[in-house]
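1. Quick one: sequence and predicted model below, then my questions.
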Amino acid sequence: MKFKIVLVFILFSGYVRAQNVNIIPQPKSVVNGTGQFTFSNHSTVGVNDASLLPIARYFQKQVSQSAGFTLAVDNKDAGSVIHLLLTNGDPAAGAYSLKIVANEITISSSNRDGVFYGMISLLQMIKDQPRGETISLASLTITDTPRYQWRGLMLDESRHFFGMEKVKQILDWMAYYKLNKFHWHLTDAQGWRLEIKKYPKLTLIGGIGNYSDSIADPQYYTQTQIKEIIAYAAERFITVIPEIDMPGHATAANKAYPQFSGGSVEGYPNFTFNPAIDSTYQFLGNIIKETSTLFPSKMIHLGGDEVALGVKAWSLNPSIAGFMQKNNFADVGELERYFFKRVADTAINAGNKVLAWDEATGTNLPADKTIIFWWRQNLPGQLHLAVQKGYQVVLCPRLPMYFDFVQDADHISGRRWKGVYNTVGSVYGFPERQMQNNEDLQSKQIIGVQANIWTEMIGSEKRLDFMLFPRIAGLAEAGWTAPELKDEEAFNNRLKASIKIYDAANIYYFNPFDKFFHDEAIDFGPKIRKMERPADQNIEDEGYRPRRRHGKSSKRTSHSSKHSSSSKHSSSKKSSSSKKSSSSGKSKKSSHKKRK
């Protein structure tokens, strides 16, 4: 009996120590060993397959930046002490094993994704240690596999444009948190940001303006820049998926090519494409084909949402009404489904899967070629219908996966849903906490989760960071960690330990453990909002002590210092959005309401 008690104590002690490994997302299994491995400038990284060399060099670069060590890379694994190995094992993409013993470290997987994620776990452990001539890591064995294969983040660059360097920084953090799908919202009512060579006016005219300044100089990505970002993402095992919004949210495109407009209604000028003329489908088909050639993901998001905002214009157009009568369409909803099926067929025939918001669930699309993004948490029937029809589904409901929502009760810039906002804890608890009674959650057709960053109220990099961090860490756990392994207290402890990484990277984040650590970053609205700390607030609870506070003012920073070189196509003129949107009182606001 005494032996059993001692054994239980030893096992429990090992479990507690395992939970103190500061890796986000939480690995599936951590078993502690004895002894420790010591990193130094003499450590060598080896691979057993040439395809792993880019991962070894990525690790080499990251360790140099974070720890100051210059590791050697051995392309034959001879004499190395850190081994990156392709082996037989768990076939799931991203699954890996990481073993640290006194004289070597081994990361193994049946696929390159897994080797990369094992390397990321090791990198997080290194970054958690203080810099010095050597770094010691305790012996342990990690066995890990992701819960979902779609762990996504969407960035809206139509409303406000951020540019290549910021996108690359976001991709770096996605890789750090093992996120693997970058959904790039490149077209909408406020701006067209993707160069289409067949239709240059899409960017030269459609790229003019943004949500806060309708006459800002055109900002967009050239195809050369797109290819650079796709390659940068691929090195980090991230797939880039473009979104070309249709048939609604088309104002920018119609500004450039008005002959394809479906008409205007109050508040929504030229919001839709004209569904009644063949030239519209030829125009959009050419765009889809050129986009397909540019993006190797073979997935195109075609939007399909909120068409109802401008669809009344179809009813008021005699030629569109005549087209409906000729084709025996009962209403504009049937015409909308006809439109979407036709453009989806074009995308599919070009070798793509079609991705769409949950409004498209009503369209009869091929189940094996369609992924639905369920965003309207108030309409669970849309999720159920998508599952019934055999579509794959990505869960990205406004609550809690919209990162333009505020994340604290005291924040004033951003959205709420009937008073509810999105904390890092609510993101961490997704989807079980919000969908515990929804049987569709158990469906194998649910392929993952995604957070969406709509940028109507985000015009600066500072605010973008404030809205993204630390919720991106909660997103990582929602996409990777099995529900039975979740422990929010343990997550919070790991997150507290990780905040020093944000400080080192000069990230202006929201601190959920001390909301006065950084003032709310506000781009549009009150310019200064100084929050005073209550005199009786104890910020050192649970052993947490803030290290430093960044700037005390929440004044908006100028776009020009952050967006001038990479965020606009090759023009040397200063962006007008930099000059105009820095003062919300003088900016020309778009007439469109908030997206979603």
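-> Here it is on my side, so go on.

2. Go ahead and flag the most central residue of the protein.
-> residue 153 (1.5 Å; CA atoms, centre = their mean).

3. packing partners for whatever helix or strand that residue lives in?
-> Using DSSP states H and E, residue 153 maps to strand 150-156. Packing partners of strand 150-156 (3 or more CB pairs under 8 Å, 6 or more residues apart in numbering; DSSP states H and E): helix 164-176, strand 181-185, strand 446-453, helix 471-480. C-beta here means a position set from N, CA and C on the backbone, and glycine is covered the same way.

4. ok, 7 Å please
-> With contacts taken as 3 or more CB pairs under 7 Å, 6 or more residues apart in numbering; DSSP states H and E, strand 150-156 sits against strand 181-185, strand 446-453, helix 471-480.

5. Can you tell me the SS state at the nearest residue to residue 142 once chain neighbours are set aside?
-> Excluding the flanking residues, the one nearest residue 142 by CB to CB, 6 or more residues apart in numbering is residue 98, at 4.2 Å. Counting by DSSP: H, G, I helix; E, B strand; the rest coil, the backbone at residue 98 sits in strand.

6. Tell me which stretches of the stretch 1-150 of the chain form strands.
-> 29-39, 44-47, 72-74, 82-86, 96-100, 105-109, 135-144, 150-156 (DSSP state E, counting those that start in this stretch).

7. Also the stretch 301-450 of the chain?
-> Under DSSP E, counting those that start in this stretch, the stretch 301-450 of the chain gives strands at 353-357, 370-374, 392-395, 446-453.

8. just checking, residue 71 touches residue 40?
-> No: between residue 71 and residue 40 there is no contact, the gap being 9.3 Å when judged by CB atoms under 7 Å.

9. Might you list the low-confidence residue ranges for this structure?
-> Of all residues in the chain, those with pLDDT under 70 make up the ranges 1-20, 526-596.

10. What residue spans form the domains of it?
-> For the chain, the structural domains run 23-144, 150-525+567-580, going by automatic domain parsing.

11. deepest of those domains, which one?
-> Highest mean neighbour count among these (mean count of other CB atoms under 10 Å): domain 150-525+567-580, with a mean of 20.

12. Please state the offset of that domain from the chain centre?
-> Put simply, domain 150-525+567-580 sits 9 Å off its chain's centre (CA atoms, centre = their mean, to the nearest Å).

13. what about the strands of the stretch 1-150 of the chain, which gets the closest to residue 488?
-> strand 29-39 (17.7 Å; CB to CB).

14. I'd like to check the angle between that closest one and strand 135-144, please.
-> Between strand 29-39 and strand 135-144, the angle comes out at 150 degrees (axes from the mean of the first three to the mean of the last three CA atoms, to 10 degrees).

15. if we can go back for a sec, can the strands of the stretch 1-150 of the chain go into CSV with extra columns for distance to residue 238?
-> Shown next, in CSV, are these (distance: least, CB to CB, whole Å):
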stretch, distance to residue 238
strand 29-39, 25
strand 44-47, 21
strand 72-74, 22
strand 82-86, 19
strand 96-100, 17
strand 105-109, 17
strand 135-144, 18
strand 150-156, 9
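
16. right, so of those, which gets closest to residue 342?
-> strand 150-156 (25.1 Å).

17. export the closest one as CSV, just CAs?
-> Output of strand 150-156 as CSV, limited to C-alpha atoms (Å, rounded to 0.1, in the frame of the first residue of the first chain):
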residue,chain,number,x,y,z
TRP,A,150,-8.0,23.6,-40.5
ARG,A,151,-6.6,26.1,-38.0
GLY,A,152,-7.3,29.4,-39.7
LEU,A,153,-7.0,33.1,-39.4
MET,A,154,-8.6,35.6,-41.8
LEU,A,155,-7.4,39.1,-42.4
ASP,A,156,-9.6,41.7,-44.1
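
18. follow-up on the earlier one: JSON lines for the helices and strands packed on strand 150-156, including distance to residue 251?
-> As requested, the helices and strands packed on strand 150-156 are exported to JSON lines (distance: least, CB to CB, whole Å):
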{"stretch": "strand 181-185", "distance to residue 251": "15"}
{"stretch": "strand 446-453", "distance to residue 251": "20"}
{"stretch": "helix 471-480", "distance to residue 251": "30"}
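
19. Quick one: closest of those to residue 130.
-> Residue 130 lies closest to helix 471-480 among the helices and strands packed on strand 150-156, at 21.2 Å (CB to CB).

20. which strands and helices sit next to that closest one?
-> By 3+ CB pairs under 7 Å, 6+ apart, helix 471-480 packs against strand 150-156, helix 424-428, strand 446-453, helix 488-504.

21. Run the angle between the third one and helix 471-480 for me.
-> What it means is strand 446-453. 170 degrees.

22. on contacts alone, who are the packing partners of strand 446-453?
-> Packed next to strand 446-453, using 3+ CB pairs under 7 Å, 6+ apart, are strand 150-156, strand 392-395, helix 398-401, helix 471-480.
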